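J.: A structural model of the following input is requested.
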Amino acid sequence: MMNPNDKILVMCAGLVASMVGLTYASAPLYRIFCAATGFDGTPKMFSTASQTVSDTTIEVRFDANVAPGLQWQFRSEKVATNLRLGENTVDFYRAYNAGGSPVTGIAKFNVTPLRAAKYFNKIKCFCEDGQELKAHESVRFGVAYFIDPRIATDPDTKDIKAVTLSYTFFPAKSETTTVAQLRTVN
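T.: Residues are numbered from 1 along each chain as shown. Here you go, the predicted structure:
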């Protein structure tokens, strides 16, 4: 039989262990939550294309950035495009490795205004995987997406006339690389 002090010690140790476990799980759980809900500017991923297209149009603007430490040039092929809500489309970005050796980059993305992210639905994206570019290699990356027509009827988003899809490439922390499906080498 345990004395009362030992019981308190075991309960405190269990609480500390639970808190440490939650600390490690919080970042992946937060990413899953954001991807599922569109929270914090995170577009949702879809496995199928849109089946409903509206006559209402919206402007999609493109932003491309490279984090310090990655010797890449990265840009979108378009500044902006207009598309009908629900219209399935593919737009492209270009990356160039200006460095003298192969480098793997990981793209992080978001949509602004943040309240529009839950309606921005990506079908395929180069941001899913690490992308390796050889020295002086130029690559074209595509993103397939649609914007849910419900954005025009939601009281919180019906006034939005333009959204911005922004990507920033960072140096990859590991050497695990897979190639996205919408990639073309030029």
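J.: does His136 touch Ala98 like I think?
T.: Yes. Using C-beta atoms under 8 Å, His136 is in contact with Ala98, at 7.3 Å. No exception for glycine: its C-beta is placed from N, CA and C like everyone else's.
J.: neighbour count: the two, which is higher?
T.: Ala98 (13 against 10; other C-beta atoms under 10 Å).
J.: quick check: phi and psi at the nearest residue to that one once chain neighbours are set aside.
T.: Excluding its sequence neighbours, the residue lying closest to Ala98 (C-beta to C-beta, 6 or more residues apart in numbering) is Gln71, at 4.9 Å. Per-residue torsions, Gln71: phi -90, psi 60 (degrees, to the nearest 10).
J.: Gln71 and Tyr93: what is the separation?
T.: 17 Å (C-beta to C-beta, to the nearest Å).
J.: higher neighbour count, those two?
T.: Comparing Gln71 with Tyr93 by other C-beta under 10 Å, the one with more neighbours is Tyr93, at 23 against 16.
J.: need the residues that contact the helix or strand that that one is a member of.
T.: Tyr93 is located in strand 89-97, with elements delineated by DSSP states H and E. For strand 89-97, contacts defined as C-beta atoms under 8 Å, 6 or more residues apart in numbering pick out 60, 62, 64, 71-78, 81, 83, 103, 105, 126, 131, 133-146, 165, 167, 169, 182, 186.
J.: just the buried ones among the residues you listed, please.
T.: 60, 62, 64, 71-72, 74, 76, 83, 103, 105, 126, 131, 133, 139, 141-146, 165, 167, 169, 182 (16 or more other C-beta atoms under 10 Å).
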